[in-house]
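Trainee: Here's my sequence, what's the structure:
(one chain, ligands or ions: 1)
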Amino acid sequence: MMLAALSGWTTLGVGGPADEMVFPETVDDAAAVVRRCAASGLPWRALGKGSNLLVDDAGVRGVVINTQRLRDISVAPDGRVRAGAGVATSVLMRRTMDGGLGGLECLVGYPATVGGAARMNAGGRWGETGARIEDVVAIDAAGEIVTVSAADCAFGYRHSALGRMLVVEVGFRLPQVDVAAYRLRISEIHREKAAAQPLKEPSAGCVFRNPVGASAGRLIDQAGLKGRAVGGAMVSNVHGNFIVNRGGAAATDVLRLIDTMREAVLRSSGIELRTEVEIWRRG
Ligand SMILES: Cc1cc2nc3c(=O)[nH]c(=O)nc-3n(C[C@H](O)[C@H](O)[C@H](O)COP(=O)(O)OP(=O)(O)OC[C@H]3O[C@@H](n4cnc5c(N)ncnc54)[C@H](O)[C@@H]3O)c2cc1C
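Mentor: Got it, this is the predicted structure:
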């Protein structure tokens, strides 16, 4: 299927088209897409909610595999949960809470799919997704369906070994909780995040990874960059590590702003920031 701009598929709202976007409905469908790409030498990329992505204005070559139709979910009373890669983490939280399960504080306050959260080992102060994962079912580069244990996922800071695979299903093991107390805790975390981050404006979350022992947001703030804008892209006034799209931003605006931030922080602190947001380029 030929596609309109990827800007409509990302939370930052920038980026050009993909040559093709597909929506596999089953694990076998997904494996067939990867095999077709492998056989024809076409590059492919996985797309969840697009909440950690900056897509170039020229778009991307090859096939974007949108996981949104992989949305089966099962919740067992013993705390074992299986969820398709395209299940929204908000749905995962609601369904597991209905089953008396908790342990997903790490997923509060941002849109994501189960596959994207596993791949990125999403989280922060309140824990990380990988800590709740038992295994991941994925399609490898040759199009084979493989099961990867949590240990082999090698979860680290916003990192996993799943980068070259398509995650199709994730197995979680979650603790039984007092649901009323858990619900309260989730709302408190949400309130705390909403006060500190521009959750209502289009963004891709934190632009830069935190350097060891430092906060990227604080370094950007100290470099005097809050409110700095290039075209439609602006460093949030609420949190220095967020770039918001204040309307009509192009990817080039965001990329130029990222360079400005990196250079200013290097000048003021001697620290070289590395991006957390994933940049998709056509080349
Ligand atoms: C307001 C806001 C706040 C945020 N706060 C946080 C936070 O506190 N902590 C945090 O960790 N992140 C945060 N993020 C970033 C983002 O939400 C997470 O990284 C999230 O896990 C991305 O999930 P996604 O489904 O949107 O993945 P996408 O953005 O679609 O993809 C991200 C990467 O994962 C890959 N990917 C996606 N799905 C799959 C799959 N099925 N198989 C293999 N690879 C896949 C993509 O190819 C891409 O490389 C925030 C974002 C926003 C907008």
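Trainee: CA only for contacts and neighbour counts going forward, please
Mentor: Noted.
Trainee: Would you mind listing what in the stretch 151-283 of the chain touches the ligand?
Mentor: 163, 165, 166, 167, 168, 199, 203, 204, 205, 278 (C-alpha under 6 Å from any ligand atom).
Trainee: Give me the subset of those lying in strands.
Mentor: Counted as lying in strands by DSSP state E, out of those, are 166, 167, 168, 203, 204, 205, 278.
Trainee: coming back round to it: among the residues of the stretch 151-283 of the chain next to the ligand, who's most crowded?
Mentor: Each of those was scored for neighbours by other C-alpha atoms under 10 Å, and residue 167 scores highest at 29 neighbours.
Trainee: For residue 169, which residues are in contact?
Mentor: If you count contacts by C-alpha atoms under 8 Å, 6 or more residues apart in numbering, residue 169 has them with 82, 83, 84, 85, 114, 115, 136, 137, 138.
Trainee: The second one - that's part of a helix, no?
Mentor: No - secondary structure of residue 83 (DSSP: H, G, I helix; E, B strand; the rest coil): strand, not part of a helix.
Trainee: leaving aside the residues next to it on the chain, what's closest to it?
Mentor: Spatial nearest neighbour of residue 83, excluding adjacent residues (C-alpha to C-alpha, 6 or more residues apart in numbering): residue 73 at 4.3 Å.
Trainee: likewise the first one?
Mentor: The shortest distance from residue 82 to any residue other than its chain neighbours is 4.6 Å, reached at residue 171 (C-alpha to C-alpha, 6+ apart).
Trainee: so what strands line up beside the helix or strand encompassing that neighbour?
Mentor: Using DSSP states H and E, residue 171 sits within strand 166-173. Each strand pairing with strand 166-173, determined using DSSP bridges, is listed with its direction: strand 80-84 (antiparallel), strand 133-139 (antiparallel).
Trainee: closest one to the ligand among these?
Mentor: Distances from the ligand to each of the strands paired with strand 166-173 were compared using C-alpha to the nearest ligand atom; the minimum, 7.4 Å, belongs to strand 133-139.
Trainee: Please name every helix or strand in contact with the next helix or strand after that closest one.
Mentor: Once strand 133-139 ends, the next helix or strand along the chain (criterion: DSSP H and E) is strand 145-149. When contacts are defined as 3 or more C-alpha pairs under 8 Å, 6 or more residues apart in numbering; DSSP states H and E, strand 145-149 sits against strand 133-139.
Trainee: can you give me the helices in the stretch 1-150 of the chain?
Mentor: 27-40, 89-98, 114-120, 150-153 (DSSP state H, counting those that start in this stretch).
Trainee: For the closest residue to residue 75 other than its chain neighbours, list the residues it contacts.
Mentor: Leaving aside its chain neighbours, residue 75 sits nearest to residue 81 (4.6 Å; criterion: C-alpha to C-alpha, 6+ apart). When contacts are counted by C-alpha under 8 Å, 6+ apart, residue 81 touches 73, 74, 75, 96, 171, 172, 173, 174.
Trainee: give the contact list for the first one.
Mentor: Pointing back at residue 73 there. Applying C-alpha under 8 Å, 6+ apart, one finds that residue 73 lies in contact with 81, 82, 83, 84, 87, 92.
Trainee: per-residue confidence for it?
Mentor: Among the per-residue scores, residue 73 holds a pLDDT of 98.
Trainee: now swap in the fourth one and tell me
Mentor: At residue 96, the model reports a pLDDT of 98.
Trainee: residues in contact with it?
Mentor: Residue 96 makes contact with 75, 81, 102, according to C-alpha under 8 Å, 6+ apart.
Trainee: which residues sit against stretch 276-283?
Mentor: Under C-alpha under 8 Å, 6+ apart, the answer for stretch 276-283 is 52-56, 58-61, 158, 204-209.
Trainee: What residues sit buried inside that stretch?
Mentor: Buried residues in stretch 276-283, defined by neighbour count with 16 or more other C-alpha atoms under 10 Å: 276, 277, 280.
Trainee: ok, those vs residue 221, which is closest?
Mentor: The closest of these to residue 221 turns out to be residue 276 (C-alpha to C-alpha; 17.4 Å).
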